[in-house]
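[1] any chance you could fold what I've pasted below:
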Amino acid sequence: MSASMLFPKPNRSFMLAADRLCELAASADPSRIAECLDLLLSPSTLGRLQQSARLQPRLAELLLGNEVEVGSANWHEDPLLGYDPRRVALLAGSIWHARSILKLVSRHDLSILVEMIGAEAHAFAIRNLSSAVATNSIVDPEQLSRQIAYDGHACLGAWLEKASSLDRIRVILRLPVGTAADNPTAEHRSAAGPLLSQVIDYLRTEAAKT
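    Down below sits the predicted model:
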């Protein structure tokens, strides 16, 4: 089957925001594209489809589905300032579990944690200890890293629920299928605002320096 048969015919609305649509398609996680097209497509095929300038606008429309009317969409500044949502999630999750991170002092355990979440997230947690959410201690570094990622993604997803449909999906599409961002809980909704505000303020400061 040719690539052109995988997509609906283009419509004139694409021309109104062609660059944005191409950017959206190029930045989407490959698992999102596979979910829309065919889960059996190889990574190399997905990569070729994703990087094709000719197909990107049609691919973007397919990814947006019925959530956004492309022709009338208002393309504001990216909610995450263009930063990787996985990085944002780790920063938010590190605040959530800052108390456990602080208690992890063994050189061996600490090296495992830092390898999995990054030195930035570790330092960010320590600086924002007063905003920690979780009160239970997780002493296993691998389990802790998984919880940091889970709660961070869930907070990101909850925070995005208050964004416009377009802004939300622009971020969600950059994440793999199946993260906690797709299904946040009430607990995450109650904590997401303050945590993500701290993360975004941090990123704005970083962006201002570059």
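
[2] going forward, measure contacts and count neighbours with C-alpha atoms only.
    Fine.

[3] which strands or helices does the longest helix along the chain pack on?
    Longest helix of the chain, by residue count under DSSP state H: helix 186-209. Packing contacts for helix 186-209, counted by 3 or more Cα pairs under 8 Å, 6 or more residues apart in numbering; DSSP states H and E, involve helix 85-96, helix 141-160.

[4] what about the residue nearest the centre of the chain, distance to residue 53?
    Nearest to the mean C-alpha position of the chain, by Cα atoms, centre = their mean, lies residue 85 at 3.0 Å. Noted for residue 85: a distance of 24 Å to residue 53, by Cα to Cα, to the nearest Å.

[5] go on, residue 42?
    19 Å.

[6] one step back: could you dump the helices and strands packed on helix 186-209 into CSV with mean pLDDT added?
    Shown next, in CSV, are those (pLDDT from 0 to 100):
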stretch, mean pLDDT
helix 85-96, 98
helix 141-160, 98
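
[7] ok, which of the ones you listed comes nearest residue 66?
    Closest to residue 66 of the helices and strands packed on helix 186-209, according to Cα to Cα: helix 141-160, at 17.7 Å.

[8] just give me how far the following helix or strand past that closest one sits from the chain centre.
    The helix or strand immediately downstream of helix 141-160 is helix 165-172, counting by DSSP states H and E. Counting by Cα atoms, centre = their mean, to the nearest Å, helix 165-172 is centred 10 Å from the centre of its parent chain.
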